[in-house]
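Undergrad: this one's structure only:
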């Protein structure tokens with residue numbers, strides 16, 4: 001059996017949650033105590049309830065190291081590290097004069113505010129910075145920050161060099177549907193691809209993959225808490241970029257000979273069905289809400305004009321820093337009040353203001369209503385109408401994520417049906433750490449199922465317990481369907497209005513069904529009444545009272561990676577017989593698309 005620790009191969013699974021303002025890093029403890037593995041983690045005996053939560057203790061392993069993901073603390077003992085870098089302007093880096101000249105006095109350094117790592121990366125998407133010195137400098141700062149600050153915590157915890165880290169990073173999910181209901185898949189795919197390329201360029205050989213944030217949350221909850229019968233879940237995450245609501249469906253990939261249900265649940269994929277973002281509610285807005293209240297109380301006490309303290313940039317930064325920590329304390333279940341003390345807030349005067357939890361609930365009431373409205377709109381879109389039970393999707397559980405989960409939990413509970421369970425903070429999992437833990441689980445699963453392990457004659461143990469397979473065939477194309485008129489112009493067709501049946505990345509073989517709407521297939525007049533039978537005679541396609549032809553065809557399109565029309569299905573016979581047949585699509589692993597309507601079928605490819 002080959003020893004992986006004897007070289008610089010990747011041997012430590014690391015999950016990196018790179019958020020807008022905070023970064024969290026986690027490693028996966030395999031329980032090995034030998035040499036360079038992460039069983040000798042110095043933090044494992046003190047701070048990880050998550051590793052112990054899965055209960056996968058192995059009596060054959062020496063020591064008390066628990067198998068599972070573990071979040072790493074930074075040097076200050078905090079679970080999150082500020083993901084911001086300071087970019088010094090070029091004119092400040094250059095020497096402004098001769099330093100050997102005794103009369104030369106360098107100018108005082110300017111106060112440069114730190115910039116978010118994620119915002120810097122997003123600002124360069126779509127730009128060609130090959131010859132831009134500023135872009136090179138910013139990417140260099142980001143690379144040094146991730147290597148020497150964030151990922152160095154994993155190196156210290158696992159006692160391995162940086163070259164042995166296999167990193168899976170979180171990937172922000174872009175909206176699959178905007179507030180207006182229009183798809184933006186093309187721009188989302190391009191932005192996501194460019195973001196992944198930046199991560200690969202920064203982490204280089206240590207980058208082994210990335211994972212969507214809501215999918216990472218589902219991996220953490222399913223691995224650590226092991227819920228039963230959770231096929232459809234709703235992930236609600238509130239962070240610096242806004243409140244994100246995602247609907248995910250669990251697709252089982254276990255073989256038919258699976259012996260237990262636990263193994264079947266582990267052998268599954270989480271498919272993102274719906275995702276929306278509301279930037280009107282975010283962590284910075286909540287912090288500003290608390291900071292403005294403290295500033296007003298301080299102005300009233302010290303008799304300053306209203307709004308003078310908050311408009312001061314220096315005082316505002318102090319209020320925001322103190323408000324962030326005070327808000328974390330106030331949102332704890334046992335907390336009833338918190339006191340904010342700031343030395344020298346404004347004009348040398350100290351500030352000390354107490355805020356009770358009822359007062360905070362009143363201050364944040366408008367933001368709380370936006371959270372409820374976002375959840376209710378998402379539930380209406382996902383669950384559907386109660387009158388249409390066939391198309392109704394039942395949400396089994398709601399899983400919270402993000403540092404503000406304690407503030408969200410009662411709001412989400414009140415906005416959802418009473419029979420829907422909302423899972424938040426527990427003794428086994430902190431929702432604010434779910435993304436990093438899920439990325440670590442995914443990294444270990446990829447290493448367990450690597451091609452080297454498959455080719456080895458000696459069976460390799462699978463400490464992650466997740467039967468993730470890289471041999472799963474995924475759909476390389478996107479297929480949509482629409483109801484067309486016979487004279488429709490293919491070149492001017494708006495594909496955004498089509499119904500998506502098979503998406504790029506869907507596990508193969510894939511099956512999808514489409515039910516044509518009777519109101520489109522039948523000829524209706526302006527008053528909504530169906531035309532008499534005499535108007536249909538002598539014509540294969542009926543005409544409405546406005547003079548336009550009603551659609552009598554179904555068009556099957558491939559919209560990604562290239563756009564082309566695959567087939568045209570004539571539904572005129574269905575209209576004449578007053579029956580709407582179900583359209584069934586089947587995409588095989590070999591790339592053959594079978595389309596069946598009624599008793600007829602065709603095969604493409």
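TA: Received, thanks. A quick note: this is a predicted structure, and the numbers were derived from the prediction, not measured.

Undergrad: okay, now the closest residue to residue 566 other than its chain neighbours: neighbour count?
TA: Among residues not flanking residue 566 along the chain, residue 556 sits closest, at 4.6 Å (C-beta to C-beta, 6 or more residues apart in numbering). Placement of C-beta: from N, CA and C, glycine included. Applying other C-beta atoms under 10 Å, we find 22 residues neighbouring residue 556.

Undergrad: Same check on residue 561?
TA: Neighbours of residue 561 under the rule other C-beta under 10 Å: 10.

Undergrad: any idea of the pLDDT on it?
TA: Looking at residue 561, its pLDDT reads 83.

Undergrad: do residue 6 as well
TA: pLDDT, residue 6: 36.

Undergrad: Also residue 605?
TA: Residue 605 is assigned 77 on the pLDDT scale.

Undergrad: So for the closest residue to it other than its chain neighbours, what pLDDT did the model give?
TA: With sequence-adjacent residues excluded and distances taken as C-beta to C-beta, 6+ apart, residue 605 is closest to residue 592, at 4.5 Å. On the pLDDT scale, residue 592 is placed at 87.

Undergrad: contacting residues for the residue nearest to residue 566?
TA: The neighbourhood of residue 556, defined by C-beta atoms under 8 Å, 6 or more residues apart in numbering, consists of 479, 480, 481, 565, 566, 567, 568, 569, 585, 595.

Undergrad: can you rerun that using 6 Å?
TA: By C-beta atoms under 6 Å, 6 or more residues apart in numbering, residue 556 lies in contact with 481, 566, 567.

Undergrad: Same check on residue 340?
TA: 294, 322, 326, 353.

Undergrad: Narrow those residues to just the buried residues.
TA: 294, 322, 326, 353 (16 or more other C-beta atoms under 10 Å).

Undergrad: hang on, the residue nearest to residue 605 packs against residue 601?
TA: No - using C-beta atoms under 6 Å, residue 592 is not in contact with residue 601, being 11.8 Å away.

Undergrad: So which residues of the stretch 251-400 of the chain form helices?
TA: Assigned helices in the stretch 251-400 of the chain, in chain order: 261-266, 283-302, 308-311, 313-330, 357-363, 365-383 (criterion: DSSP state H, counting those that start in this stretch).

Undergrad: Any chance of JSON lines for the ones you listed, columns mean pLDDT and distance to residue 446?
TA: What follows is those, written out as JSON lines (pLDDT from 0 to 100; distance: least, C-beta to C-beta, whole Å):
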{"stretch": "helix 261-266", "mean pLDDT": "41", "distance to residue 446": "15"}
{"stretch": "helix 283-302", "mean pLDDT": "94", "distance to residue 446": "31"}
{"stretch": "helix 308-311", "mean pLDDT": "94", "distance to residue 446": "48"}
{"stretch": "helix 313-330", "mean pLDDT": "91", "distance to residue 446": "33"}
{"stretch": "helix 357-363", "mean pLDDT": "93", "distance to residue 446": "43"}
{"stretch": "helix 365-383", "mean pLDDT": "90", "distance to residue 446": "30"}
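
Undergrad: Dump the ones you listed to a markdown table, plus distance to residue 118.
TA: A markdown table is the format used below for the helices of the stretch 251-400 of the chain (distance: least, C-beta to C-beta, whole Å):
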| stretch | distance to residue 118 |
| --- | --- |
| helix 261-266 | 31 |
| helix 283-302 | 14 |
| helix 308-311 | 26 |
| helix 313-330 | 18 |
| helix 357-363 | 28 |
| helix 365-383 | 22 |
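
Undergrad: Out of the ones you listed, flag the one nearest residue 233.
TA: helix 365-383 (10.7 Å; C-beta to C-beta).

Undergrad: What residues of that closest one count as buried?
TA: In helix 365-383, counting by 16+ other C-beta under 10 Å, buried: 367, 368, 371, 374, 375, 378, 379, 382, 383.

Undergrad: between those residues, which is closest to residue 288?
TA: So of these, ranked by how close each gets to residue 288 (C-beta to C-beta), first place is residue 367, at 10.3 Å.

Undergrad: okay, now the residue nearest to that closest one when sequence neighbours are not counted: neighbour count?
TA: Excluding the flanking residues, the one nearest residue 367 by C-beta to C-beta, 6+ apart is residue 281, at 5.2 Å. Per other C-beta under 10 Å, the neighbour tally for residue 281 reads 22.

Undergrad: repeat for residue 290
TA: 25.

Undergrad: Just confirm it contacts residue 322, I think it does.
TA: No - applying C-beta under 6 Å, one finds residue 290 not in contact with residue 322, separated by 9.1 Å.

Undergrad: which residues do those two both contact?
TA: By C-beta under 6 Å, 6+ apart, no residue touches both residue 290 and residue 322.
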